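1. Sharing a sequence plus its predicted fold:
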Amino acid sequence: MNNPRPKVRLSRALGIPLTPKSVKYFEARPYPPGVHGRARKTESDYKVRLREKQRLRAQYNIREVQLRNAFDKAAKVEGKTGEALIIDLERRLDALVLRAGFARTIYQARQFVVHRHVLVNGRRVDRPSYRLREGDVITIAERSRSMVPFQVAATGTHAENVPGYLESRPEAFVARLVRLPERKEIPVICDEQLVVEYYSR
């Protein structure tokens, strides 16, 4: 298993717990890491926007180029660019594997997809960035279901807060995107307007 400490440091730097393990560390030290972590500093507008963009990136575990591309696509959509951006990111396969309760963290969800444990509409998909459409069905591959992480997921341990846009039956290793999510339902901590301002500068 990955050493949780880098994730803990990142969680503290960004001001949000990124994994269940980091929650207890974060609660004990809810300030940025380093010797100046507790000091209250006045931050520039640029730094505030940059951190918000980094927070969004970290919660979806994506590279800068992926976020930039998603922003450029969202900017062409009618309506609020920030909302369109987050709704688009939420349609990623790894994000929905996490939300459905098949994985404990976004990092684990990504790993499951890359290692070909996940099917969409009966076809194996190994791209975490694959976007699902309304009605698409996620299943865990038959041969993977006996693995310990999926047996844990089947008990419903990670499926306590499945959002309304997903139907999930972890015990049957199946979930369906019933409709596109609305921004207010997406469990991502982000002031997306700051992200829009960051990329629009």
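-> Ah, there it is.
2. So which residues make contact with stretch 122-130?
-> Here stretch 122-130 makes contact (CB atoms under 8 Å, 6 or more residues apart in numbering) with 62, 66, 92-94, 109-110, 113-116, 118-120, 137, 139, 141. Yep, even glycine has a C-beta here, placed from its N, CA and C like the rest.
3. What are the buried residues along that stretch?
-> 125, 128, 129, 130 (16 or more other CB atoms under 10 Å).
4. Looking at these, point me to the pair that's furthest apart.
-> 125 and 129 (10.0 Å; CB to CB).
5. what's the following helix or strand after the lowest-mean-pLDDT helix or strand in the chain?
-> Counting by mean pLDDT, DSSP states H and E, the chain has its least confident helix or strand at helix 20-28, which shows a mean of 63. Once helix 20-28 ends, the next helix or strand along the chain (criterion: DSSP states H and E) is helix 45-60.
6. tell me the mean pLDDT for that following helix?
-> The pLDDT scores in helix 45-60 average 95.
7. Is residue 83 in a helix, a strand, or coil?
-> Under the three-state scheme (DSSP: H, G, I helix; E, B strand; the rest coil), residue 83 adopts helix.
8. Not counting sequence-adjacent ones, nearest residue to it?
-> Spatial nearest neighbour of residue 83, chain neighbours left out: residue 183 (4.4 Å); criterion: CB to CB, 6 or more residues apart in numbering.
9. who are the neighbours in contact with that neighbour?
-> 83, 86, 87, 192.
10. For it, grab phi and psi.
-> phi -50, psi -40 (degrees, to the nearest 10).
11. What distance do you get for the most centrally placed residue in the chain to residue 123?
-> What sits nearest the mean C-alpha location of the chain, by CA atoms, centre = their mean, is residue 60, with 3.5 Å. Between residue 60 and residue 123 the computed distance is 23 Å (CB to CB, to the nearest Å).
12. in the chain, what spans have low per-residue confidence?
-> 1-5, 21-41 (pLDDT under 70).
13. mind listing which of the contacts of stretch 122-130 are in strands?
-> 118, 119, 120, 137, 139 (DSSP state E).
14. Now the fourth one: closest residue in space that isn't a chain neighbour?
-> Spatial nearest neighbour of residue 137, excluding adjacent residues (CB to CB, 6+ apart): residue 176 at 4.9 Å.
15. can I assume the one you found sits in a strand?
-> Yes - judged by three-state DSSP, residue 176 forms part of a strand.
16. Identify the residues contacting it.
-> 135, 136, 137, 138, 166, 167, 168.
17. Surely the first one is in contact with residue 180?
-> Okay, so that is residue 135. No - if you go by CB atoms under 8 Å, residue 135 and residue 180 don't touch, sitting 10.5 Å apart.
18. Pick out whichever of these two has more residues nearby.
-> A count of neighbours by other CB atoms under 10 Å puts residue 180 above the other of residue 135 and residue 180, at 13 against 10.
19. where's that one relative to residue 91, distance?
-> 7 Å.
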